[in-house]
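[1] coords please:
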Amino acid sequence: MSDSNLSSNGAADAAPGIAVIIPYYNGAAYIERALRSVHAQTVPAAEVVVVDDGSTPDEAAFLREIQPRYGFTLLRQDNGGQGAARNAGVAASSAPYICFLDQDDFYLEHHNRILLATIPPDDPRWGFVYGDLWEASGQGEIVRHGMIKAFGAQPKRDLFDILRKDLFVLPSAMLIRRAAFEAIGGFDTQFTGYEDDDLCLRLFRAGYTSPFVDKAVTVWCMHGASTSFNMRMFHSCLRYFKKLAAAFPDDLKLHHYYMRDCLAARFGHHFVRLAIQAVKTRDPNLPELRAILDEYAAIVLAHPTVRRRTKLKLRVMRLLAHHGTPWLIGLISALTKLPGLRRLRP
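    The predicted model follows:
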């Protein structure tokens, strides 16, 4: 669909058939902002489904209170994470196109119009289309315009590129074809973080394409209470690493060394940094973060193709995570800022 398919007043000539799915978990502080952005679209959605993912009684009551005002379909389920909530919302809707919105983010006014216009008219294999994001504080104050291109070329056309880095392709900036979503089974509900990367990877592997439009369509609000900053997210990250490690064994004949060249490089810094930072700040979650690092390290250290230097550095970082002190970590961090020692930084 191109812009020419849209009438001058911003409405589509034919109903675009978009279902917007919003997972909700104790989000009374943000949900009305998200809903207002859905209703402010120049091309309106056909369906809006909010899935209460096991909120407290007070938070659930607030959602029921505002339902008549915003006219959404309300579902309630036991807490299972965003992936499970999104799957439930999709199952309760019928529109051919699906858009997701996190409760603390909000759409820009032309989210639907721009993404509909990005659907390729001559590509029967398209699975989803997506746009860029604005980054903002929890209060919605803008930090930067356009962010996902800073994390690599878009769209993704190479499996190795997908495996090497976090995608930063957020569901709130996507429009997904229902047939493609259902064909791959939706979100993997074992994840409460990285379920979006996993979904995009499985769509890619199934042969679906993902056109990208270089325009911001959503505001991504980052704050300390968001899903990106909790222990469930860190455990989910480990589960995603383990799923990838099992799904992509090295292919020696083709010289594809997935663990060495993609997975260890992508996840190692993340797990090490979390544990070392927890030592420095005396984080009460340190035992859990040590356990995550240990489980990751056991897989990498046992892998035959990972370089000796990588393994040595990992052993040293694991030792620091278990036996280091804030003073020692601070000293090492200061020393490794010196020329020639930066590669040794935690």
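[2] how about G324, what does it touch?
    With contact set as Cβ atoms under 8 Å, 6 or more residues apart in numbering, G324 has these partners: 276, 279, 332. Glycine gets a C-beta too; all of them are placed from N, C-alpha and C.
[3] Next: E295.
    With Cβ under 8 Å, 6+ apart as the criterion, the residues that contact E295 are L238.
[4] Count the neighbours of F181 for me.
    The tally of other residues near F181 (other Cβ atoms under 10 Å) stands at 21.
[5] Of the contacts of G324, which count as buried by neighbour count?
    Among the contacts of G324, those that count as buried by neighbour count (16 or more other Cβ atoms under 10 Å) are 276, 279, 332.
[6] before we move on, the earlier item: so which of the contacts of G324 would you say is closest to I22?
    Looking at the contacts of G324 and their distance to I22, the nearest is I276, at 36.0 Å (Cβ to Cβ).
[7] can you list contacts of the one helix or strand that closest one maps to?
    Using DSSP states H and E, I276 sits in helix 264-281. By Cβ under 8 Å, 6+ apart, the list of residues contacting helix 264-281 from outside reads 163-166, 234, 237-238, 241, 283, 285-286, 289-290, 292-293, 296-297, 300, 303, 306, 310, 314, 317-318, 320-321, 324-326, 329-330, 346.
[8] Give the residue spans of the stretch 1-150 of the chain that score low on pLDDT.
    Scanning the stretch 1-150 of the chain for pLDDT under 70 picks out the ranges 1-16.
[9] which residues in it form strands?
    For the stretch 1-150 of the chain, the strands defined by DSSP state E, counting those that start in this stretch occupy 18-24, 47-53, 73-77, 97-100, 106-107, 128-137, 142-145.
[10] who touches Y258 in this structure?
    By Cβ under 8 Å, 6+ apart, the contact set of Y258 is 163, 244, 248-251.
[11] so how many other residues sit close to A61?
    Other residues near A61 number 11, with proximity taken as other Cβ under 10 Å.
[12] how far away is it from R36?
    From A61 across to R36, the span is 20 Å (Cβ to Cβ, to the nearest Å).
[13] Quick check: pLDDT value at the nearest residue to L159 once chain neighbours are set aside.
    The spatially closest residue to L159, leaving aside those adjacent along the chain, is F204, at 7.1 Å (Cβ to Cβ, 6 or more residues apart in numbering). For F204, the model assigns a pLDDT of 97.
[14] was I right about F204 contacting D161?
    No: if you go by Cβ atoms under 8 Å, F204 and D161 don't touch, sitting 10.2 Å apart.
[15] out of those two, which sits in the busier spot?
    Higher neighbour count among F204 and D161: F204, with 19 against 13, using other Cβ under 10 Å.
[16] For the helix or strand hosting the more buried one, which outside residues touch it?
    Element membership for F204, per DSSP H and E: helix 195-205. For helix 195-205, contacts defined as Cβ under 8 Å, 6+ apart pick out 81-83, 127-128, 156, 159, 162-163, 166-167, 169-171, 180, 184-189, 191, 210, 236, 240, 243.
[17] For PyMOL, what selects the buried ones among those?
    Here is the PyMOL command that selects only those of the contacts of helix 195-205 that count as buried (16+ other Cβ under 10 Å):
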select buried, resi 81+82+83+127+128+156+162+163+166+167+169+170+171+180+184+186+187+188+189+191+210+236+240+243
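[18] so where do the strands sit in the stretch 151-300 of the chain?
    Counting by DSSP E, counting those that start in this stretch, the strands of the stretch 151-300 of the chain are 174-177, 212-222.
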